[in-house]
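[1] here is my input, please return the structure:
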Amino acid sequence: MGAGLQCWDSSGNLTVDITSRLARVAGSIPIDPTLPTRSIVIPSGGSAFYNFQPTFVWGFINMDVSRPIFTLTGNTLSWAWSVGAGTNNKQITGTLFYGIY
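    Okay, here's the model as predicted:
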């Protein structure tokens with residue numbers, strides 16, 4: 001028996017059809033340059049995905065920021081901060097969500 005999600009609008013038209021894969025969030029981790037963690041292993045069993053949500057979006061002086069650059073090798077996700085363009089060089093912090101679909 002197949003599994004999935006299908007949704008129809010009030011006119012009976014199929015609007016969503018997700019029958020082969022659904023995303024599963026495996027966890028989240030704070031991303032901060034002061035923390036020692038710089039990589040995680042995403043569980044196997046599907047295609048890995050990740051999403052970074054910054055703590056603050058606005059308020060950086062001249063947008064002189066270093067953002068985390070993520071690299072996915074197999075199921076290992078690593079990150080490091082880019083080099084800022086000016087003298088303030090605020091390193092962006094946030095939360096990383098990861099999982100498989």
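[2] give me the most central residue, this protein.
    Asn51 (1.1 Å; CA atoms, centre = their mean).
[3] that one: what's it in contact with?
    Residues counted as contacts of Asn51 (CB atoms under 8 Å, 6 or more residues apart in numbering) are 96-98. Every residue, glycine included, has its C-beta placed from N, CA and C.
[4] then Thr37?
    Ile29.
[5] look up how far Ser78 lies from it.
    Counting by CB to CB, to the nearest Å, the gap from Thr37 to Ser78 is 10 Å.
[6] direction included, what does the strand or helix carrying Thr71 pair against?
    Using DSSP states H and E, Thr71 maps to strand 68-73. Under the criterion DSSP bridges, strand 68-73 sits next to strand 76-81 (antiparallel) in its sheet.
[7] in the partner strand, which residues are buried?
    Residues 77, 79, 81 are the ones in strand 76-81 that count as buried (16 or more other CB atoms under 10 Å).
[8] wait, isn't Tyr101 in contact with Ala26?
    No - in this structure Tyr101 lies outside contact range of Ala26 using CB atoms under 8 Å: 10.6 Å.
[9] so which of those two has more stuff around it?
    Neighbours were counted for Tyr101 and for Ala26 using other CB atoms under 10 Å; Ala26 has more, 18 against 14.
[10] check which helix or strand the more buried one maps to.
    strand 24-31.
[11] how far is that strand from where the chain is centred?
    8 Å (CA atoms, centre = their mean, to the nearest Å).
[12] quick one: end-to-end distance for stretch 52-70.
    One end of stretch 52-70 sits 9 Å from the other (CA to CA, to the nearest Å).
[13] oh sorry, the question was meant for stretch 78-96
    OK, stretch 78-96 end separation, CA to CA: 11 Å.
[14] residues making contact with it?
    28-33, 38-40, 50-56, 60-62, 64-71, 77.
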